[in-house]
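# Let's see this in three dimensions:
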Amino acid sequence: MKKKTVMDRVYTKLDTFIITELKTYSLILLQYSLAIIFIWFGVLKVIGFSPATELVTNTIYWFSPTWFIPFLGIWEILIGVCILYKPFIRVGLFLMGIQMCGTFLPLLLLPQIVYTQGNPFYLTLEGQYIIKNLILITAAMVIGSHVKDKS
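Alright, predicted model coming up:
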């Protein structure tokens, strides 16, 4: 049996320390990050400075953007606030699930805006903005999988 070197022992201790710290802080940081994103993007919609306004307006053309964009902003702020407080995480994730369905609509309704050269693998900036929501959904799934954990 090979004897562990000093470097092996240092690596093992460092690795264990890092993993322990990640287990301690990563979930709460993920929760705060997701909440910040929703609150920030929501506030931008409410105050009229969202870069997504045109995309939302062109996608949800059956609603007036004068009320729908601020409404969507308030919805997103509510999602973020709910995700911050454990008793409301389920509500926030439910609201997020509904909101996320709408965020993928441009992939179907506005292919000329989200794809270049008519190819679904060549995304425009708008297309990339939409597809990044997959990571937000996955983050929400991780957070949701821990709602019954003891605080």
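# tell me the SS of Arg146?
In this structure residue 146 is His, not Arg. Classification of His146 by DSSP: H, G, I helix; E, B strand; the rest coil places it in coil.
# Which pLDDT does the model give the residue lying closest to it once chain neighbours are set aside?
In space, and not counting its chain neighbours, His146 is closest to Leu27: 5.9 Å by CB to CB, 6 or more residues apart in numbering. Glycine gets a C-beta too; all of them are placed from N, C-alpha and C. On the pLDDT scale, Leu27 is placed at 95.
# So which elements touch whatever helix or strand Leu27 lives in?
Using DSSP states H and E, Leu27 sits within helix 6-46. If you count contacts as 3 or more CB pairs under 8 Å, 6 or more residues apart in numbering; DSSP states H and E, helix 6-46 packs onto helix 65-84, helix 133-144.
# Point out the most buried one among those helices.
Neighbour counts (mean count of other CB atoms under 10 Å) averaged over each of the helices and strands packed on helix 6-46 peak at helix 65-84, with a mean of 19.
# residues making contact with it?
Residues outside helix 65-84 that contact it (CB atoms under 8 Å, 6 or more residues apart in numbering): 31-32, 34-46, 48, 50, 53, 56-57, 60, 88-89, 91-93, 95-96, 99, 140, 143.
# ditto for stretch 86-96
31, 38, 75, 78-83, 136-137, 140, 143-144, 147, 151.
# Quick one: mean pLDDT over it.
For stretch 86-96, mean pLDDT is 96.
# before we move on, what about stretch 130-143?
96.
# and that stretch, how far from the chain's centre?
Taking CA atoms, centre = their mean, to the nearest Å, one finds stretch 130-143 lying 5 Å from the centre of the chain it belongs to.
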